[in-house]
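dropping a prediction and its sequence here:
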Amino acid sequence: MPQNEQIHLDNRPQAEATASNFKLVTGQTAPLQEGQVLVRHRFLSLDPYMRGRMNDAKSYTAPQPVGQVMQGGTAGEVVESRNPKFKPGDQVVGFGGWQEYSVVDGNQPGVLRKVDTTHVPLSHYLGAVGMPGVTAWYGLEKIIQPQAGQTVVVSAASGAVGSALGALAKARGCRAVGIAGGPDKCRYVVEELGFDACVDYKLHKDAHSLSKALQEACPKGVDGHFENVGGMVMDAVLLRMNAFGRIALCGMIAGYDGQPIPLTYPQLILTNRLLVQGFIVSEHMEVWPQALQELGMLVGTGKLRPRESVAQGLESAPEAFLGMLKGKNFGKQLVKVG
């Protein structure tokens with residue numbers, strides 16, 4: 001069995017996460033038992049939720065264990081199999097973590113999924129046609145539930161979740177408005193992703209200024225909002241929400257360093273009779289097949305053109321992850337392992 005380089009969580013961050021929280025470790029891959037599969041990872045998925053799991057705090061799932069491989073989504077190929085469902089060469093997506101290889105129980109439901117790379121590149125199964133895409137689909141379809149002609153806003157619009165949200169909203173006849181950081185990202189959101197407008201939050205110092213810009217982009221107000229950021233951005237959108245608007249609360253990247261995220265205008269939830277619903281996409285596995293079918297179609301037909309930031313080599317994962325938390329990535333952040 002091959003040697004296996006891994007990145008472990010070495011210690012928990014005290015405030016802002018740093019490269020010293022991680023450790024590169026070399027180990028030996030365990031021999032396969034009956035029913036197991038050896039997967040060589042080609043791509044690792046780096047996602048904002050991982051930052052919250054680095055803290056030892058009460059959350060919707062257990063914290064990332066210290067001294068163990070960082071957990072996360074992976075895409076790769078089967079190199080050895082003692083399971084009749086999988087054969088060497090199969091392209092697969094799983095949850096193998098920040099390492100070169102993983103040994104997987106192929107009989108455990110949902111742990112390893114074969115994918116077709118004929119029309120959709122393997123890496124997209126970690127982004128637009130994977131967990132981030134399904135996250136966008138669930139928030140839009142099950143919480144925002146937009147009608148044709150309504151306005152839907154999404155923060156972090158150029159990222160993996162935001163870009164999928166825009167394509168899904170346009171497919172439902174909505175006006176899609178993004179919020180992103182910097183002119184390049186805003187240009188991409190409009191010109192390549194097909195949003196109707198995009199507001200650059202970096203041009204605004206406070207929620208009132210950002211909200212004014214949103215008013216121009218959303219002349220009929222906001223009917224649905226998909227929140228990935230929180231803080232000033234959420235305050236700005238709340239000021240533009242229409243009565244009976246719906247907010248799908250997916251992420252709060254503004255608070256991933258453990259700082260409180262105050263809400264400046266909570267009274268607007270009452271005034272406008274808003275629905276604010278948080279959700280975790282892994283708790284809704286029943287919708288994944290339907291969502292992945294639509295997302296695969298959007299990517300395969302070119303209606304969703306996701307962008308990727310790809311760091312090279314396993315050892316680059318910590319810095320790429322920390323950069324993503326600060327918005328340095330453009331689109332879905334991945335690590336190419338082999």
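In hand now; what should we look at? Since we're looking at a predicted model, the values are computed, not measured. Numbering: from 1, shown residues only.

switch to C-alpha atoms for all contacts and neighbour counts from now on
Noted.

what part of this protein, helix or strand, is modelled with the least confidence?
helix 49-53 (a mean of 92; mean pLDDT, DSSP states H and E).

what's the first helix or strand after it?
strand 74-81 (DSSP states H and E).

sheet-wise, list the partners of that next one with their directions.
In the sheet, strand 74-81 lines up against strand 36-45 (antiparallel), strand 91-94 (antiparallel) (DSSP bridges).

just the helices in the stretch 151-300 of the chain please.
Taking DSSP state H, counting those that start in this stretch as the test, the helices found in the stretch 151-300 of the chain are 160-171, 183-191, 207-217, 232-238, 267-271, 288-300.

is it possible to export these to a markdown table including distance to residue 42?
Shown next, in a markdown table, are these (distance: least, C-alpha to C-alpha, whole Å):
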| stretch | distance to residue 42 |
| --- | --- |
| helix 160-171 | 18 |
| helix 183-191 | 27 |
| helix 207-217 | 40 |
| helix 232-238 | 35 |
| helix 267-271 | 44 |
| helix 288-300 | 20 |
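
give me whichever of those is most buried.
Highest mean neighbour count of the helices of the stretch 151-300 of the chain: helix 160-171, a mean of 26 (counted as mean count of other C-alpha atoms under 10 Å).

before we move on, back to that, got the buried residues for the least confident helix or strand of the chain?
By 16 or more other C-alpha atoms under 10 Å, the buried positions in helix 49-53 come out as 50-53.

pick the one among those closest to residue 104.
When the buried residues of helix 49-53 are ranked by distance to residue 104 (C-alpha to C-alpha), residue 50 comes first, at 21.0 Å.

what distance do you get for the closest one to residue 318?
11 Å (C-alpha to C-alpha, to the nearest Å).

who's in contact with the closest residue to residue 192 other than its chain neighbours?
The shortest distance from residue 192 to any non-neighbouring residue, by C-alpha to C-alpha, 6 or more residues apart in numbering, is to residue 305 (6.9 Å). Shown in contact with residue 305 (C-alpha atoms under 8 Å, 6 or more residues apart in numbering): 192-193, 299.

just name the closest of these to residue 38, please.
For the contacts of residue 305, the nearest to residue 38 is residue 299 (28.8 Å; C-alpha to C-alpha).
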